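Asks: Quick one, fold the following:
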Amino acid sequence: MADGTAHRHWWQQLTSPGGSSLPLSVTERLSWYQRQVSKQRRGNYLLEGTTVVLAAGIPAAAALGAATTVTAVLGALVAILAGLRQLLRPGENWIRSSGTLIALQREAVLWSAGNAPYDGNRPDAALVENVEALVADEAMRWADQRSARRANADAERQPA
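Replies: Sure, this is the predicted structure:
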């Protein structure tokens, strides 16, 4: 921020019923996912917006009598961006990361209210365990998604 203070998210102010702050590992996970969601959202909009603008430029350039080189370069750029979309998948990553961030925030809220499963003897430990389980699950979904895409690409390359 302009005054040099870091932006604080609402969940950074949560405390347990006993008054303790969120465990550091949970705060770090929430911060990382908050950054990822923002990064993936911006990347998705930039990639999609640029693709639309360049694609719209192809018929406009042709109608304005631009050299075929110009329309060919625009078409090549659209093809490159479409390939990057398939490779990077910022839209899918944004959705998946957003879902995980919301699940992590939910756990933090339940912990701060002292609701089950955080109403036992070791609420901080239970929170850390549940947060790490959510992160591991998201990582496995990402890996499965990557493996499925790789298998599909390999299957498409195999002769029938």
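
Asks: ok, and the closest non-adjacent residue to the residue most central in space within the chain?
Replies: The centroid of the chain falls nearest to Trp94 when counting by C-alpha atoms, centre = their mean (3.1 Å). Nearest non-adjacent residue to Trp94, counting by C-beta to C-beta, 6 or more residues apart in numbering: Gln40, 3.7 Å away. All C-beta spots, glycine's among them, are computed from the backbone N, C-alpha and C.

Asks: sorry, back to before: wait, the residue nearest to the centre of the chain touches Ser38, no?
Replies: No. Using C-beta atoms under 8 Å, Trp94 is not in contact with Ser38, being 9.1 Å away.

Asks: Where does the prediction get shaky in the protein?
Replies: For the chain, the stretches flagged by pLDDT under 70 are 1-6, 149-150, 152-154, 157, 159-160.

Asks: what do you get if the cut-off is 80, keeping everything else the same?
Replies: Across the chain, the ranges flagged by pLDDT under 80 are 1-7, 145-160.

Asks: what secondary structure does the residue of it most remote from its centre sit in?
Replies: In the chain, the residue that sits farthest from the middle, by C-alpha atoms, centre = their mean, is Gly65; the gap is 41.3 Å. Under DSSP: H, G, I helix; E, B strand; the rest coil, Gly65 falls in the coil class.

Asks: quick one, what contacts it?
Replies: For Gly65, the contact set (C-beta atoms under 8 Å, 6 or more residues apart in numbering) is empty.

Asks: I'd like the distance from it to Thr71, if you could.
Replies: Computed as C-beta to C-beta, to the nearest Å, the Gly65 to Thr71 distance reads 10 Å.

Asks: Over to Leu87?
Replies: Taking C-beta to C-beta as the measure, Leu87 falls 25 Å from Thr71.

Asks: Of the two, give the one with the bigger neighbour count.
Replies: Taking other C-beta atoms under 10 Å, Leu87 and Thr71 do not tie; Thr71 has more neighbours (17 against 9).

Asks: my guess is that one contacts Ala62, does it?
Replies: Yes. Using C-beta under 8 Å, Thr71 makes contact with Ala62 at a distance of 5.3 Å.
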